[in-house]
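Asks: Could you look at this predicted model? Sequence included:
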Amino acid sequence: GAVVSQHPSWVICKSGTSVKIECRSLDFQATTMFWYRQFPKQSLMLMATSNEGSKATYEQGVEKDKFLINHASLTLSTLTVTSAHPEDSSFYICSARAASGSADTQYFGPGTRLTVL
Amino acid sequence: KQEVTQIPAALSVPEGENLVLNCSFTDSAIYNLQWFRQDPGKGLTSLLLIQSSQREQTSGRLNASLDKSSGRSTLYIAASQPGDSATYLCAVYPGGYQKVTFGTGTKLQVIP
């Protein structure tokens, strides 16, 4: 089945540093990848949609200069949290939509827990 | 704007009970609906995907139904087990490869 990986699975960083999270589709090509954020005891909120080779589309209220998204290939998207602050601490989950097939479904990564001290 | 609500928000049942989780959505023009489970601190595990032409899907002790006209989906869990304890999320696909909307989640606890 379709597998999506994320790296790292968890990261702790100091306030003011930047953190990069990778999302990879391991056995399929993903023309579109999505980045979600999940606060404790809450559901997933879509942050942005990224299409391979083009700029990401950010949801309302998401700072594009703070959450940099790059979708350089059909199997890799990265989310960089720039100048991280404690309020950026959260669980970040990516998903990937397959490039072909009639069923519209997304395959989700295992998530990355970011803790900013 | 699509809104997806799950009731109840939390549920505690004794082991062996059959139970139903509910998912309601405001815009019935959806394409697919998917149920996930999420264990604490973990990512999402897909349980069942109901495509637009289907009304239900079954996998083992799980059965999910979809009634688009009424804006509802239910996830039925038979003979619940402590290992079923998790948060269950439904997700609505609007079609046209637009963004997915997640429900508010139901936290299930199955007591041995």
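Replies: Received, thanks.

Asks: what residues does chain A put near chain B?
Replies: Contact residues, chain A versus chain B (CB under 8 Å from any CB of the partner chain): A:6, A:32, A:34, A:42-46, A:49, A:91, A:93, A:97, A:103-111, A:113. In short, each C-beta sits where N, CA and C put it, glycine included.

Asks: Quick one: residues contacting B:S53.
Replies: Residues near B:S53 by CB atoms under 8 Å, 6 or more residues apart in numbering or on different chains: none.

Asks: switch the cut-off to 10 Å
Replies: Contact analysis of B:S53 by CB atoms under 10 Å, 6 or more residues apart in numbering or on different chains lists B:Y31, B:N32.

Asks: cool, the one 3 residues further on as well?
Replies: Contacts of B:E56 were listed using CB under 10 Å, 6+ apart, and they are B:L48, B:I50, B:N63, B:A64, B:S65, B:L66, B:D67, B:S73, B:T74, B:Y76.

Asks: same thing but 6 Å
Replies: Counting by CB atoms under 6 Å, 6 or more residues apart in numbering or on different chains, B:E56 makes contact with B:S65.

Asks: Quick check: the gap between it and chain A.
Replies: To chain A, B:E56 is 16 Å away according to CB to the nearest CB, to the nearest Å.

Asks: bridging residues for that residue?
Replies: B:S65 (DSSP bridges).

Asks: Now do the helix or strand of chain A with the lowest mean pLDDT: distance to the chain's middle.
Replies: Lowest by mean pLDDT, DSSP states H and E among the helices and strands of chain A is strand A:106-108, with a mean of 88. What separates the centre of strand A:106-108 from the centre of its chain is 11 Å, taken as CA atoms, centre = their mean, to the nearest Å.

Asks: and it, what other elements does it pack with?
Replies: strand A:90-98 (3 or more CB pairs under 6 Å, 6 or more residues apart in numbering or on different chains; DSSP states H and E).

Asks: Not counting the strand it packs on itself, show me its contacts.
Replies: A:4, A:6, A:21, A:23, A:25, A:28, A:30, A:32-39, A:106-109, A:111-113, B:43.

Asks: Report pLDDT for residue 28.
Replies: Let's take chain A. Note for A:F28: predicted pLDDT of 87.

Asks: That was the other one, I meant chain B.
Replies: pLDDT for B:S28: 84.

Asks: Can you report phi and psi for it?
Replies: phi -80, psi -10 (degrees, to the nearest 10).

Asks: next one: B:D84
Replies: Taking degrees, to the nearest 10 as the convention, B:D84 sits at phi -80, psi -10.

Asks: do B:A78 as well
Replies: phi -90, psi 140.

Asks: ok, it to B:G60 distance?
Replies: To B:G60, B:A78 is 9 Å away according to CB to CB, to the nearest Å.

Asks: Quick check on the two: which one has the bigger neighbour count.
Replies: Neighbour tally, B:A78 and B:G60, criterion other CB atoms under 10 Å in any protein chain shown: the higher count belongs to B:A78, 12 against 8.

Asks: so who does the more buried one touch?
Replies: The contact partners of B:A78, taken as CB under 6 Å, 6+ apart, are B:N18, B:R61.

Asks: where does chain B have low pLDDT?
Replies: By pLDDT under 70, the low-scoring segments of chain B are B:96-97.
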